[in-house]
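Chemist: Structure for the following, please:
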Amino acid sequence: MAAWSAYAEYNATNIPPDLYSELFDALIEHFPGVGPSPSGNLSLRLMIQADSALEAASEAAALADTALRTIGLSPTLVGIEVVTEAELDRRQAEPCIPELAGIAEAADILGVHKQQVDRLVSRGDLQAAQTLAAGPIFAADTIRGFAEKRQSRRIGRPVADLGLSPIERDLLNLLATASKEPKRSAASHLPNPDQIIAEVYSDSRLRVHLDTDTGPVTDALVTLSQHKLVRTRKLTLAEKTTGDPRDSVVTLLAKGLRHASAQSARETES
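Modeler: From the prediction side, this is the model:
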């Protein structure tokens, strides 16, 4: 039997605060969260012990319906989502605001000059999530998706050798393959390679753990950043609540992906 988090919404709006309190008391044994959803519907979250997600959803709906009738309400259930407790913890640890990018950050991800980003926007090739007085703001994942499409059209074009050291090449390779092959450890020049990747957020964004502020791996990461192969940032407050608060988030840029791919191809040929 496992712990599940069930989130349900009902087509009831403008619920008086005292009824929310009564509903909370009626479900107190299941650590409830009750209140209006962003759409205004009545929403509640319950912790359920069950053998499966289907069983947890059924039990949560039955408990909620009983509690609602107890306080004199009988709204219609419009939706229910059930996730494991571990998945709920993972979601709550994520930043509330998605990763955003301005012109400079978009240029870094794409590996181009800022003027080229302006041209892409003016041609309609890139869509901004919002345009402020300071300029367009993009969802970073949108820029990465666009970068992948650009890369697919550039296959076959030569990639310049940046003269990276063996440890810098191994670190770039580790970052590029971590989300796809998390257990692979082909990093012969990296000390403790299995401990560097603390968490994989997406195909190109990872949480990286470095034992010290100085050392060969830290220096290699700085070099990769200077070549605009990666971008690093400190953890958000929410991210610091899990793992080592000294970790950093590393985003592999389009240029970094191209060089990692070219590097892998050269190694295969040899």
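
Chemist: Run through the strands of the stretch 101-250 of the chain in chain order.
Modeler: 130-132, 135-139, 197-200, 205-208, 230-234, 248-252 (DSSP state E, counting those that start in this stretch).

Chemist: who touches the first one?
Modeler: Under the contact criterion C-beta atoms under 8 Å, 6 or more residues apart in numbering, strand 130-132 has outside partners Pro136, Ile137. In this view, the C-beta of every residue, glycine as well, is placed from N, C-alpha and C.

Chemist: measure the residue lying closest to Asn41 once chain neighbours are set aside to Val222 for me?
Modeler: Distances taken as C-beta to C-beta, 6 or more residues apart in numbering place Glu9 nearest to Asn41, at 4.5 Å, with adjacent residues excluded. Noted for Glu9: a distance of 48 Å to Val222, by C-beta to C-beta, to the nearest Å.

Chemist: So for these two, which sits in the more crowded spot?
Modeler: Neighbour totals were compared for Glu9 and Val222, and Glu9 leads with 21 against 13 (other C-beta atoms under 10 Å).

Chemist: Check for me that that one belongs to a helix.
Modeler: No. Using DSSP: H, G, I helix; E, B strand; the rest coil, the assignment for Glu9 is strand, not a helix.

Chemist: Give me the distance between it and Glu29.
Modeler: 21 Å.

Chemist: got it, and Gly145?
Modeler: Going from Gly145 to Glu29 by C-beta to C-beta gives 45 Å.

Chemist: Ser74 now?
Modeler: 22 Å.

Chemist: for Leu68, same thing?
Modeler: 16 Å.

Chemist: Please say which of those two ends up with more neighbours.
Modeler: For Leu68 versus Glu29, neighbours defined as other C-beta under 10 Å are more numerous around Leu68 (22 against 9).

Chemist: Now do the same contact list for that one.
Modeler: Applying C-beta under 8 Å, 6+ apart to Leu68 gives the contacts Tyr10, Leu23, Ser74, Pro75.

Chemist: Quick check: the two most widely separated of those?
Modeler: Leu23 and Ser74 (12.8 Å; C-beta to C-beta).
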